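Chemist: give me a model of this one.
(chains A, B, C and D, ligands or ions: 2)
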Amino acid sequence: MHRVLNVVKRIAIASNFEEAAKVQNAILDEVGKFGYSEPSVFAIKLAVEECLNNAIRHGNKMDESKTVRVEYETDASKVRIAVTDEGGGFDPLDVPDPTADENLEKPSGRGIMLMRVYMDSVEYSPDGSRVVMVKHNR
Amino acid sequence: MHRVLNVVKRIAIASNFEEAAKVQNAILDEVGKFGYSEPSVFAIKLAVEECLNNAIRHGNKMDESKTVRVEYETDASKVRIAVTDEGGGFDPLDVPDPTADENLEKPSGRGIMLMRVYMDSVEYSPDGSRVVMVKHNR
Amino acid sequence: MTREKNSRLTISTEGDVTLVELAERRILDEVSISEIGDSLNALVVQSPKPRLVLDFSKVAHMSSSALGMLITLHKRTREKGGELRLCCIQPAIYEVFVITRLNEIFSIHQTRPQAMDSLK
Amino acid sequence: MTREKNSRLTISTEGDVTLVELAERRILDEVSISEIGDSLNALVVQSPKPRLVLDFSKVAHMSSSALGMLITLHKRTREKGGELRLCCIQPAIYEVFVITRLNEIFSIHQTRPQAMDSLK
Ligand SMILES: Nc1ncnc2c1ncn2[C@@H]1O[C@H](COP(=O)(O)OP(=O)(O)O)[C@@H](O)[C@H]1O
Ligand SMILES: Nc1ncnc2c1ncn2[C@@H]1O[C@H](COP(=O)(O)OP(=O)(O)O)[C@@H](O)[C@H]1O
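Modeler: Ligands and ions are numbered 1, 2, ... in the order given. Below is the predicted model:
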């Protein structure tokens, strides 16, 4: 009998998508080891991709020399993921609703909404440069 | 660029030496990834082996149904390892000095002394069923 | 029927309809989206009146960037008087379309023959 | 010179000296210590006046249980009027002997010939 109860990992990556994909895979590996359900894994994959993209694109403005810090804590029942960029942040309340009729055909602006739908909680720091998301395994 | 800053892992194992060896290897893998020096790795290996043996043998009295909880936190500069058994504990101050002349030929009683020599700090909980050890990477 | 294949897309034509199978499971990740977008846009540019079917059978994951790429492709197709159809979208991915209301923007068919027939 | 080998120990004899090479890197971990202890004790029991050299060249790790096993072996050997020599102990392991003061209890030689010769 050998049971991993809890794993916390803090990682710093350069602002590029290859590194983001590696971290995303590491997180998915971890929740995989804990036997998360397929819908939970799908949700986590999507939300992690969206928020890493935002940190790299909007936060660090694709400047590879800037770092994205990723922290994830996993146990059998939930995963908590925090992503912090080195940008100036933003006000999430200012982000327009992408499902409003007038925004339906805009090519961007759906990431945060998807994170909120797929995760159980999504919370931004006051300045918006850090987001903490929680997903329960169901 | 991809840098793991910090890893924390909590594991529960059955009280047997095979499981202990697996956890020991997992910890050594982790410090290996952080590039710990050979002497630090040697020290950690030895101290982890001693304290897991104590938890299994003295704490849980070889009762496989009892659990040993292991928690380790690693970053580039130090590792912190906590081992908790389900036994009644003991008073570390009562343990005789194995390097005293009269104890030199006793076949046991050297584990805690070696842990203290090889790790930077070794602290027992008041009841003695939990030990927390720290080793800095030098 | 002609057939052209790269690692990410399998492109074939049936009459004046171009069928594109998105070929990798993780095809729509951030690293490849812009490349795939370029390939698809090239198809639209080449054709005087593009008729495109995108087969999603093998796509298991979808990000908002991929949705953005599809919206842009859709727009360009219509600007040329063409048509875009999506088909064989797995349920989990289809849910993303529903949540974003993009199922109301795209023509989505369950099967590939249905999508092809809708352009004939 | 005869030679006998199992996965953990290589045992050979030269005259009336028995040479035991501890064969695995992780030979002295908790799982194997009692088995190794049994094998070594068997050698001592078999011999009327055991003369044993233990070669540690391949041993990279050592726990206090292994030390305990060696102490017991040492005691049994002396009880039969025999002799035990250790040799080729790697520096990190030798440090464990020093810290525990067991270098004062055991006869430790740098090389195998020195250890063998000391019993002739
Ligand atoms: N980490 C961030 N730093 C700064 N601004 C951000 C960050 N994340 C999101 N934003 C802002 O919020 C907007 C909406 O983000 P999102 O919903 O993910 O859609 P998209 O990334 O497609 O624009 C972005 O366009 C950007 O202005
Ligand atoms: N986790 C524990 N629970 C209860 N008693 C312990 C524990 N760890 C150590 N001890 C006590 O401390 C003594 C000394 O331990 P140690 O120095 O490791 O040597 P050894 O294990 O060889 O006896 C043990 O014999 C035991 O009585």
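Chemist: give me the element the residue nearest the centre of chain C is part of.
Modeler: Nearest to the mean C-alpha position of chain C, by C-alpha atoms, centre = their mean, lies C:L54 at 3.0 Å. Using DSSP states H and E, C:L54 sits in strand C:51-55.
Chemist: tell me the helix or strand right after that strand.
Modeler: helix C:64-79.
Chemist: check which residues of that following helix are buried.
Modeler: Buried positions in helix C:64-79, judged by neighbour count with 16 or more other C-beta atoms under 10 Å in any protein chain shown: C:64-74, C:76-77. To be clear about C-beta, it is placed using only N, CA and C from the backbone, and glycine gets the same treatment.
Chemist: what is it packed up against?
Modeler: Applying 3 or more C-beta pairs under 8 Å, 6 or more residues apart in numbering or on different chains; DSSP states H and E, we find helix C:64-79 packed against helix A:38-54, helix C:30-46, strand C:51-55, strand C:83-87.
Chemist: and with 7 Å instead?
Modeler: Applying 3 or more C-beta pairs under 7 Å, 6 or more residues apart in numbering or on different chains; DSSP states H and E, we find helix C:64-79 packed against helix C:30-46, strand C:83-87.
Chemist: pick the most deeply packed of these.
Modeler: Neighbour counts (mean count of other C-beta atoms under 10 Å in any protein chain shown) averaged over each of the helices and strands packed on helix C:64-79 peak at strand C:83-87, with a mean of 21.
Chemist: rewinding a little: make a markdown table from the buried residues of helix C:64-79 and add pLDDT to it.
Modeler: Listed next are the buried residues of helix C:64-79 as a markdown table, based on pLDDT from 0 to 100:
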| residue | pLDDT |
| --- | --- |
| C:S64 | 95 |
| C:S65 | 94 |
| C:A66 | 93 |
| C:L67 | 96 |
| C:G68 | 96 |
| C:M69 | 95 |
| C:L70 | 96 |
| C:I71 | 97 |
| C:T72 | 96 |
| C:L73 | 96 |
| C:H74 | 97 |
| C:R76 | 96 |
| C:T77 | 97 |
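Chemist: and those, which two are furthest apart?
Modeler: Farthest-apart pair in the buried residues of helix C:64-79 is C:S64 and C:T77; separation 20.0 Å (C-beta to C-beta).
Chemist: if we can go back for a sec, what is the residue nearest to the centre of chain C paired to in the beta sheet?
Modeler: C:V20, C:L86 (DSSP bridges).
Chemist: pretty sure it is touching C:E83, no?
Modeler: No - counting by C-beta atoms under 7 Å, C:L54 does not reach C:E83; the two are 11.6 Å apart.
Chemist: still on that earlier bit, tell me the helices and strands packed up against the strand holding C:L54.
Modeler: Using 3+ C-beta pairs under 7 Å, 6+ apart: strand C:51-55 touches strand C:17-22, strand C:83-87, helix C:112-117.
Chemist: put the alpha carbons of it into CSV.
Modeler: Only the C-alpha atoms of strand C:51-55 are listed here, as CSV (Å, rounded to 0.1, in the frame of the first residue of the first chain):
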residue,chain,number,x,y,z
ARG,C,51,-16.7,25.0,-49.7
LEU,C,52,-15.0,23.6,-46.7
VAL,C,53,-15.9,20.7,-44.3
LEU,C,54,-13.8,20.4,-41.1
ASP,C,55,-13.9,16.9,-39.6
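Chemist: by how many degrees do that strand and helix C:30-46 diverge?
Modeler: Comparing the axes of strand C:51-55 and helix C:30-46 via axes from the mean of the first three to the mean of the last three C-alpha atoms, to 10 degrees yields an angle of 160 degrees.
Chemist: any idea of the mean pLDDT for strand C:51-55?
Modeler: Across strand C:51-55, the average pLDDT comes to 96.
Chemist: name the residues that touch that strand?
Modeler: With contacts defined as C-beta atoms under 7 Å, 6 or more residues apart in numbering or on different chains, strand C:51-55 is touched by C:16-22, C:43, C:77, C:82-88, C:112, C:115-116, C:119.
Chemist: residue 93 - how many residues pack around it?
Modeler: You didn't pick a chain, so chain A it is. Neighbourhood size, A:L93 [other C-beta atoms under 10 Å in any protein chain shown]: 7.
Chemist: try chain C instead
Modeler: 19.
Chemist: tell me the secondary structure at it.
Modeler: helix (DSSP: H, G, I helix; E, B strand; the rest coil).
Chemist: A:V70 - that's part of a helix, no?
Modeler: No - using three-state DSSP, the assignment for A:V70 is strand, not a helix.
Chemist: wait, it touches A:Q24, no?
Modeler: No - with contact defined as C-beta under 7 Å, A:V70 does not reach A:Q24; the gap is 9.2 Å.
Chemist: how about the residues of chain C near chain A?
Modeler: Neighbours of chain A within chain C, by C-beta under 7 Å from any C-beta of the partner chain: C:29-31, C:61, C:63-65, C:67-68, C:71-72, C:92, C:99-101, C:105.
Chemist: try 10 Å this time
Modeler: C:26, C:28-34, C:60-75, C:90, C:92-93, C:95-96, C:99-102, C:104-105 (C-beta under 10 Å from any C-beta of the partner chain).
Chemist: how about the strand holding C:L54: buried residues?
Modeler: Neighbour-count burial for strand C:51-55 [16+ other C-beta under 10 Å]: C:51-55.
Chemist: repeat for stretch C:105-120
Modeler: Across stretch C:105-120, burial judged by 16+ other C-beta under 10 Å covers C:105-106, C:108-109, C:112, C:115-116, C:119.
Chemist: let me know the closest of those to chain D.
Modeler: C:R112 (57.2 Å; C-beta to the nearest C-beta).
Chemist: not counting its neighbours along the chain, what's nearest that closest one?
Modeler: C:C87 (5.2 Å; C-beta to C-beta, 6 or more residues apart in numbering or on different chains).
Chemist: lowest average confidence across the helices and strands packed on helix C:64-79, which one?
Modeler: helix C:30-46 (a mean of 87).
Chemist: about what we covered before: how much space between the residue nearest to C:R112 and A:D94?
Modeler: Separation of C:C87 from A:D94 (C-beta to C-beta, to the nearest Å) stands at 37 Å.
Chemist: over to A:G111?
Modeler: Counting by C-beta to C-beta, the gap from A:G111 to A:D94 is 14 Å.
Chemist: okay, now A:E102: neighbour count?
Modeler: The burial count for A:E102: 8, using other C-beta under 10 Å.
Chemist: right, and it touches A:P96 too?
Modeler: Yes - using C-beta atoms under 10 Å, A:E102 is in contact with A:P96, at 8.5 Å.
Chemist: need the pLDDT of the closest residue to ligand 1 within chain A.
Modeler: Proximity of chain A to ligand 1 (C-beta to the nearest ligand atom) peaks at A:G111, 2.3 Å away. pLDDT, A:G111: 98.
Chemist: list the contacts for the nearest residue to it once chain neighbours are set aside?
Modeler: Nearest residue to A:G111, sequence neighbours excluded (C-beta to C-beta, 6+ apart): A:E50, at 3.9 Å. Counting by C-beta atoms under 10 Å, 6 or more residues apart in numbering or on different chains, A:E50 touches A:83, A:110-116, A:118-119, A:122, A:131, A:133, C:30, C:63-65.
Chemist: next step: these restricted to strands.
Modeler: Judged by DSSP state E, strands contain the following of these: A:83, A:122, A:131, A:133.
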